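Engineer: no FASTA, just this:
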């Protein structure tokens with residue numbers, strides 16, 4: 001039975017991830033042993049399949065691929081661990097980051113460590129010596145998600161002072177952290193009409209502005225701002241004005 005799925009992998013059967021629930025448990029062990037024989041497309045399919053499989057073997061397989069030096073699938077494997085229910089514990093994930101040179105892969109693993117309960121005492125010294133900007137931002141967000149108060153304050157200040165080029169990254173970070181108190185830092189965005197990303201197709205002239213992202217981010221955090229559409233849009237001055245007192249009423253972070 002396992003050989004059938006291995007043959008599907010070798011022949012680049014892209015439906016394999018959709019059949020993850022029916023694949024035998026020893027599939028990933030066999031894939032790991034033949035990894036060097038697989039081409040890049042088969043490796044990508046293997047990672048996609050493992051991301052949908054359940055059990056500790058799937059989580060360990062993804063972490064092993066994420067830890068491979070120079071492997072094109074490493075970042076995808078690391079990203080899959082963020083929300084994988086059987087990801088190894090946060091301490092194990094953090095330990096793996098110390099062997100990885102690629103900053104983007106480390107960034108994804110930091111986010112996974114934040115979801116899966118990495119101890120702050122282990123995380124702090126690792127984050128302190130991080131030099132890659134993307135990985136450093138991910139470590140900040142992960143520790144904020146874990147409730148690390150200094151990180152929450154740093155992230156709050158970074159959001160409040162955000163440039164238009166930083167808005168999308170910080171929007172994603174706030175959603176990942178999930179702390180509604182941080183949305184109070186969006187208040188300065190309400191005054192900024194700088195364009196951030198294009199709305200709709202590439203041919204559309206409309207641009208989502210920083211003020212629009214303030215309302216949209218707050219909505220995605222579960223804050224009761226008025227939102228007339230279930231997607232980001234150019235919101236009216238009245239909607240922007242109505243959002244301000246809602247954000248102002250949010251609780252403050254505890255002082256350091």
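Structural biologist: Received it, and whenever you're ready, just let me know what you need. Small disclaimer: the values here were computed from a predicted structure and weren't measured.
Engineer: make it CA atoms for all contacts and neighbour counts henceforth
Structural biologist: OK.
Engineer: run through the stretch 1-150 of the chain and note the low-pLDDT ranges.
Structural biologist: Nowhere does the stretch 1-150 of the chain drop to pLDDT under 70.
Engineer: where along it do the helices fall?
Structural biologist: Ranges of helices within the stretch 1-150 of the chain are 2-10, 27-33, 40-52, 56-66, 74-81, 90-97, 103-115, 120-128, 133-145, 149-160, based on DSSP state H, counting those that start in this stretch.
Engineer: out of those, deepest packed?
Structural biologist: Most buried of the helices of the stretch 1-150 of the chain by mean neighbour count (mean count of other Cα atoms under 10 Å) is helix 103-115; its value is a mean of 27.
Engineer: can you name every helix or strand that that one contacts?
Structural biologist: Contacts defined by 3 or more Cα pairs under 8 Å, 6 or more residues apart in numbering; DSSP states H and E place helix 103-115 against helix 74-81, helix 90-97, helix 133-145.
Engineer: reformat those as JSON lines; add distance to residue 184.
Structural biologist: Formatted as JSON lines, the helices and strands packed on helix 103-115 follow (distance: least, Cα to Cα, whole Å):
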{"stretch": "helix 74-81", "distance to residue 184": "29"}
{"stretch": "helix 90-97", "distance to residue 184": "29"}
{"stretch": "helix 133-145", "distance to residue 184": "15"}
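Engineer: can you tell which of these is closest to residue 56?
Structural biologist: helix 74-81 (11.5 Å; Cα to Cα).
Engineer: touching the closest one from outside, list them.
Structural biologist: 47-48, 51, 59, 62-63, 65-68, 87, 104-106, 108-109, 112 (Cα atoms under 8 Å, 6 or more residues apart in numbering).
Engineer: could you pull out the strands for the stretch 151-256 of the chain?
Structural biologist: 195-198, 207-209 (DSSP state E, counting those that start in this stretch).
Engineer: just name the most buried of the ones you listed.
Structural biologist: Of the strands of the stretch 151-256 of the chain, the one with the most neighbours on average (mean count of other Cα under 10 Å) is strand 207-209, at a mean of 20.
Engineer: that strand pairs with which strands?
Structural biologist: The strands beside strand 207-209 in its sheet (DSSP bridges) come out as strand 195-198 (antiparallel).
Engineer: pLDDT of the strand it pairs with, averaged?
Structural biologist: Strand 195-198 comes out with an average pLDDT of 94.
Engineer: got it, and stretch 172-184?
Structural biologist: On average, stretch 172-184 scores 98.
Engineer: gap between the two ends of stretch 69-79?
Structural biologist: 16 Å (Cα to Cα, to the nearest Å).
Engineer: and it, how far from the chain's centre?
Structural biologist: In terms of Cα atoms, centre = their mean, to the nearest Å, the centre of stretch 69-79 is found 15 Å from the chain centre.
Engineer: closest one to residue 168 among the helices of the stretch 1-150 of the chain?
Structural biologist: Comparing the helices of the stretch 1-150 of the chain by Cα to Cα, helix 149-160 comes nearest, at 10.7 Å.
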